[in-house]
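Student: A predicted structure for the sequence below; I have some questions about it.
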There are 2 protein chains.
Amino acid sequence: VILYELRDRGGRAFSPFCWRSRMALAHKGIRPQVRQVCFTEIAGIAPGTRTVPVLVDGDTMLRDSWDVAVHLDEVLPGVPALMPTEGDRRLARFVHHWTTHTLHPLIFRAIGAEIWDVLEPADQPYFRESRERRLRGMRLEDLRDGRHVVVTELQSALGPLEALLVEQEFLGGGQASYADYILFGALQWARVIGGAHLFIKPDGALDRWFAHCLDLHGGVGRQEAAGP
Amino acid sequence: VILYELRDRGGRAFSPFCWRSRMALAHKGIRPQVRQVCFTEIAGIAPGTRTVPVLVDGDTMLRDSWDVAVHLDEVLPGVPALMPTEGDRRLARFVHHWTTHTLHPLIFRAIGAEIWDVLEPADQPYFRESRERRLRGMRLEDLRDGRHVVVTELQSALGPLEALLVEQEFLGGGQASYADYILFGALQWARVIGGAHLFIKPDGALDRWFAHCLDLHGGVGRQEAAGP
């Protein structure tokens, strides 16, 4: 099994979507052969690849983190499921859309300038141009000025999770499920870039959950160095 | 089975939490004996009651909409489950916290002044005092000035659902589950008060889902008159 994932200039994995797949593979006990690429190398993985992660499993190539999770549950039904019931799959879809539409844009506004700082020089023009277009012409560096507002919005957006994780250990109940790895990817992205401490309330339920996730599967998450 | 629920001065049910239980009962094919109360009558239902819905089922009294849903699945396992799998229960808890912490406060800011308008005169002082305390001294009527901002925030917060409901008919997949009724309660609250059209994008996936939910179980939701 080969996993293509995004790296920064220091060789650290920081992409939230790649972390979803890394954790999904670790959940299944698979140690993939990791091939790191930078943004401007993604198109060279195979004809038609535009995003990572990309997973190659024998003759199968999967170009989307969701497809990777579904594939792993299909080919390895006997090991702990990522989505044990149909309801867990529905939960994961809800968490996917919420994380992607609500959480990711807020985290990007908190750490976007710092992401640019750690990218390979070859990636920096692409990243600036594509992300500043999304910001409607605002410069990445201008994001720093609004960070205190974004942090408040992030903590408010994470309020439901603070409440939920008081009641249960994981989104998956007593053990982590794919919904947990989706959320984990977002916070790990912020942690590796160096901004997770800005908005995760210390000693809260989310903080405890995140520490727990970092320790899962031999600490695969914690092994990635955090900070700028 | 007796269901105590909140009413406005015109006898309309508008509470989002009461609608969760109304729909849960309808899902099970139960037509409860409805006893409507206004805010200032809740304490008189039974010793210790502070919120509605309250459900009385024989010797059992349930004072919380979540407990009502769990109870119905326990005593009526043979009819369509509100939460068919453990994963659907986890989905419903996530949707509960997200709806209660994120969606409800935004909807309140969109329609809070209009709620006051339709309450029994006996309820109005209690409602104004308790809600203006939450608004840190802002008057209910001042909410109208910020409505255009809140509508934008609401549409942004509902973005994940617009995306999810393109993929699947209900949060519960092919059929409505309790997670759907939690979300329905919030939109029905806005609809009855007269503000749902402000933020539900016409002809979007959420609009179609809401229309579908209003028609469920003999149209129990649509039978409640909408508007001021």
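Tutor: Ah, there it is. Numbering: from 1, shown residues only, chains lettered A, B, ... in the order given.
Student: so where's chain A uncertain?
Tutor: Within chain A, no stretch has pLDDT under 70.
Student: ok, now how distant is the residue in it that chain B sits nearest to from A:Pro160?
Tutor: Residue of chain A nearest chain B, by C-beta to the nearest C-beta: A:Gly87 (2.6 Å). To be clear about C-beta, it is placed using only N, CA and C from the backbone, and glycine gets the same treatment. As for A:Gly87, its distance to A:Pro160 is 18 Å (criterion: C-beta to C-beta, to the nearest Å).
Student: Over to A:Ala13?
Tutor: Taking C-beta to C-beta, one finds A:Ala13 at 27 Å from A:Pro160.
Student: still on that earlier bit, remind me which helix or strand the residue of chain A closest to chain B belongs to.
Tutor: helix A:86-98 (DSSP states H and E).
Student: what sits up against that helix?
Tutor: Here helix A:86-98 makes contact (C-beta atoms under 8 Å, 6 or more residues apart in numbering or on different chains) with A:66, A:69, A:81-83, A:171-172, A:177-179, A:182-183, B:83-91, B:94-95, B:98, B:159-161, B:163-164, B:167-168, B:171-173, B:177, B:179.
Student: One more: stretch A:207-227?
Tutor: Residues contacting stretch A:207-227 (C-beta under 8 Å, 6+ apart): A:10, A:12-13, A:19, A:22-23, A:26-27, A:161, A:165, A:169-170, A:176, A:180-181, A:184, A:187-188, A:191-192, A:194, A:196, A:200-201.
Student: Please enumerate the helices of chain A.
Tutor: A:16-27, A:65-75, A:86-98, A:104-118, A:124-134, A:147-157, A:159-167, A:178-193, A:196-199, A:205-219 (DSSP state H).
Student: Contact residues of chain A facing chain B?
Tutor: A:83-91, A:93-95, A:97-98, A:100-102, A:156-157, A:159-161, A:163-164, A:167-168, A:171-173, A:177, A:179 (C-beta under 8 Å from any C-beta of the partner chain).
Student: Mind giving me the ChimeraX command for buried ones among the residues you listed?
Tutor: Entered in ChimeraX, the line below selects the buried ones among the residues of chain A next to chain B, by 16 or more other C-beta atoms under 10 Å in any protein chain shown:
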select /A:83,84,85,87,88,89,90,91,93,94,95,97,98,100,101,102,157,159,160,161,163,164,171,172,173,177,179
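Student: Now stretch A:129-145: buried residues?
Tutor: For stretch A:129-145, by 16+ other C-beta under 10 Å, it's A:131-132, A:140, A:143.
Student: distance between that stretch and the chain's centre?
Tutor: Distance of stretch A:129-145 from the chain centroid (C-alpha atoms, centre = their mean, to the nearest Å) equals 21 Å.
Student: now stretch A:97-104
Tutor: The answer for stretch A:97-104 is 11 Å, by C-alpha atoms, centre = their mean.
Student: swap in stretch A:111-127?
Tutor: On C-alpha atoms, centre = their mean, the centre of stretch A:111-127 falls 17 Å from that of its chain.
Student: repeat for stretch A:42-52
Tutor: That offset, for stretch A:42-52, works out to 19 Å (C-alpha atoms, centre = their mean).
Student: Could you export it as PDB, CA atoms only?
Tutor: Taking Å, rounded to 0.1, in the frame of the first residue of the first chain, the C-alpha atoms of stretch A:42-52 are listed here in PDB:
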ATOM      1  CA  ILE A  42       0.600  16.400  -7.100                       C
ATOM      2  CA  ALA A  43      -0.200  16.400 -10.800                       C
ATOM      3  CA  GLY A  44       2.800  14.200 -11.400                       C
ATOM      4  CA  ILE A  45       1.600  11.300  -9.200                       C
ATOM      5  CA  ALA A  46      -0.600   9.900 -12.000                       C
ATOM      6  CA  PRO A  47      -2.700  11.200 -14.800                       C
ATOM      7  CA  GLY A  48      -5.600  13.200 -13.400                       C
ATOM      8  CA  THR A  49      -4.500  13.500  -9.800                       C
ATOM      9  CA  ARG A  50      -5.300  17.000  -8.400                       C
ATOM     10  CA  THR A  51      -5.400  16.500  -4.700                       C
ATOM     11  CA  VAL A  52      -3.800  14.200  -2.000                       C
END
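Student: Excluding covalently adjacent residues, which one is nearest to the residue of chain A closest to chain B?
Tutor: Closest residue in space to A:Gly87, ignoring its immediate chain neighbours: B:Gly87 at 2.6 Å, by C-beta to C-beta, 6 or more residues apart in numbering or on different chains.
Student: just A:Ile200 next, same as before
Tutor: Nearest non-adjacent residue to A:Ile200 (C-beta to C-beta, 6+ apart): A:Asp207, at 5.2 Å.
Student: measure A:Val166 to B:Arg139 for me?
Tutor: Distance from A:Val166 to B:Arg139, by C-beta to C-beta: 33 Å.
Student: now A:Arg31
Tutor: Taking C-beta to C-beta, one finds A:Arg31 at 61 Å from B:Arg139.
Student: got it, and A:Thr99?
Tutor: Counting by C-beta to C-beta - A:Thr99 and B:Arg139 are separated by 37 Å.
Student: same check, this time on A:Phe199
Tutor: From A:Phe199 to B:Arg139 the distance is 32 Å (C-beta to C-beta).
Student: Out of the helices of chain A, which is closest to B:Phe39?
Tutor: helix A:159-167 (24.3 Å; C-beta to C-beta).
Student: Contact partners for A:Ala196?
Tutor: A:187-188, A:190, A:210, A:226.
Student: Could you rerun that using 10 Å?
Tutor: A:107, A:110-111, A:186-190, A:207, A:210, A:226-227 (C-beta atoms under 10 Å, 6 or more residues apart in numbering or on different chains).
Student: A:Leu171 touches A:Leu206, doesn't it?
Tutor: No. Applying C-beta atoms under 10 Å, one finds A:Leu171 not in contact with A:Leu206, separated by 11.1 Å.
Student: Need the residues touching each of these two.
Tutor: A:161, A:164-165, A:183.
Student: nearest to A:Val37, of the residues you listed?
Tutor: A:Leu183 (24.6 Å).
Student: Report the contact partners of that closest one.
Tutor: A:16, A:20, A:95-96, A:98-99, A:103, A:158, A:161, A:165, A:170-171, A:176, A:206, A:209-210, A:213.
Student: and what of A:Gly112?
Tutor: A:Gly112 neighbours (C-beta under 10 Å, 6+ apart): A:105, A:127-128, A:131-132, A:134-135, A:138-144, A:147, A:150, A:193, A:195.
Student: distance of it from B:Leu140?
Tutor: 38 Å.
Student: can you count the residues close to A:Ile2?
Tutor: Applying other C-beta atoms under 10 Å in any protein chain shown, we find 13 residues neighbouring A:Ile2.
Student: So what sits opposite the residue lying closest to it once chain neighbours are set aside in the bridge?
Tutor: Spatial nearest neighbour of A:Ile2, excluding adjacent residues (C-beta to C-beta, 6+ apart): A:Val56 at 4.2 Å. Beta-bridge pairing for A:Val56 (DSSP bridges): A:Ile2, A:Met61.
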